[in-house]
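**Q** Fold the following, please.
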Amino acid sequence: MLYSAPMHDSHHRAEQDSLKLANSHYENFPVASVLLPMRLRRAIGVIYAFARNADDFADEGDLPPEQRLALLDGYRKQLDRIAAGETPEEPLFIAVAAIIREHALPIQLFHDLLDAFSQDVVKKRYENLGELMDYCRRSANPIGRLLLHLYKETDERNLAYSDAICSSLQIINFLQDVAIDYKKDRIYIPQDDLRKFRISEQQIANGDAGGNWWMLMQFEIERTRRLLQAGAPLGLVLKGRIGLEMRSIIAGGETILRKLHRSHGDMFNHRPVLRPWDWAYILYRAVRAK
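**A** Take a look at the predicted model:
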């Protein structure tokens with residue numbers, strides 16, 4: 001039987017540190033947003049801190065691949081301790097164990113995230129959309145599914161909506177970060193799309209938005225917008241503050257896509273970010289949505 005143990009001071013400090021870490025990685029989309037019910041912010045902060053910490057193992061610094069993979073394996077061992085009912089060794093995992101018990105979260109979703117981050121260490125190109133979507137299934141969709149478990153809204157329809165939203169947001173991030181990812185020797189635009197529009201890796205390396213680049217980006221933007229719209233009904237299915245939060249996230253993704261479209265996909269010189277006035281419009285859209 002799952003239960004929530006009393007929260008000791010060390011557990012509370014671990015969770016507070018996790019929330020600070022999650023918010024320090026904030027960029028385009030809210031983390032533990034003020035729109036969410038207070039009772040859920042702690043758990044959401046822990047989930048995002050776990051994801052960002054593990055993602056940094058794959059992305060940040062100058063460690064060789066084998067050390068990055070070893071760090072991620074260390075996280076797997078901590079999850080295994082939790083699954084076995086043992087006490088974790090690290091403060092972050094004390095917090096992870098607490099929210100898993102309190103909210104009956106599937107531990108496999110945490111493992112899926114680690115699998116995706118490990119893949120980032122060794123896989124730098126994606127042949128087609130199917131390969132990319134399989135990556136998104138593990139890199140992004142688990143976050144949405146964990147949130148739905150927190151909300152107690154995990155019917156199959158909602159899970160499908162959430163997967164569409166999370167995968168589209170992941171791809172939106174790839175589209176706005178083409179230049180940044182290339183510096184890490186990663187290209188997330190499918191290789192068959194690059195060939196279709198006759199875009200070479202050298203053009204990406206040069207930051208060249210000429211030639212067929214806009215045609216390629218228009219194709220990627222529209223396909224991603226359709227995916228985001230496929231999940232958009234979730235913003236109306238979820239009620240109250242969590243629905244408002246979801247509609248804000250969806251509107252944020254739409255705004256980034258519009259900015260990409262407006263610049264003809266030239267994220268090399270006009271990387272889209274959300275400004276304060278964008279957030280005001282996003283909140284207006286979220287409140288007015290029916």
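**Q** which residues sit against stretch 121-129?
**A** Contacts of stretch 121-129 with the rest of the structure, by C-beta atoms under 8 Å, 6 or more residues apart in numbering, involve 58, 65, 68-69, 72, 132, 135, 185-193, 223. C-beta coordinates here come from the backbone N, C-alpha and C atoms, glycine included.
**Q** tell me the contacts of Ser139?
**A** Contacts for Ser139 (C-beta under 8 Å, 6+ apart) come out as 113, 116-117, 119-120, 170.
**Q** how much space is there between it and Pro65?
**A** Distance from Ser139 to Pro65, counting by C-beta to C-beta, to the nearest Å: 18 Å.
**Q** Kindly report the same for Asn53.
**A** Taking C-beta to C-beta as the criterion, Asn53 is separated from Pro65 by 18 Å.
**Q** between those two, which one's more packed in?
**A** For Asn53 versus Pro65, neighbours defined as other C-beta atoms under 10 Å are more numerous around Asn53 (18 against 11).
**Q** which SSE is that one in?
**A** Asn53 belongs to helix 38-59 when assigned by DSSP states H and E.
**Q** Buried residues, that helix. List them.
**A** With burial defined by 16 or more other C-beta atoms under 10 Å, the residues of helix 38-59 counted as buried are 40-55, 57-58.
**Q** and the contacts of Ser139 as TSV, adding distance to Leu159?
**A** As requested, the contacts of Ser139 are exported to TSV (distance: C-beta to C-beta, whole Å):
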residue	distance to Leu159
Leu113	16
Ala116	18
Phe117	22
Gln119	22
Asp120	24
Gln170	16
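**Q** okay, those in JSON lines with secondary structure, pLDDT and distance to Glu245 next?
**A** As requested, the contacts of Ser139 are exported to JSON lines (DSSP: H, G, I helix; E, B strand; the rest coil; pLDDT from 0 to 100; distance: C-beta to C-beta, whole Å):
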{"residue": "Leu113", "secondary structure": "helix", "pLDDT": "97", "distance to Glu245": "21"}
{"residue": "Ala116", "secondary structure": "helix", "pLDDT": "97", "distance to Glu245": "24"}
{"residue": "Phe117", "secondary structure": "helix", "pLDDT": "97", "distance to Glu245": "25"}
{"residue": "Gln119", "secondary structure": "helix", "pLDDT": "97", "distance to Glu245": "29"}
{"residue": "Asp120", "secondary structure": "helix", "pLDDT": "96", "distance to Glu245": "27"}
{"residue": "Gln170", "secondary structure": "helix", "pLDDT": "96", "distance to Glu245": "18"}
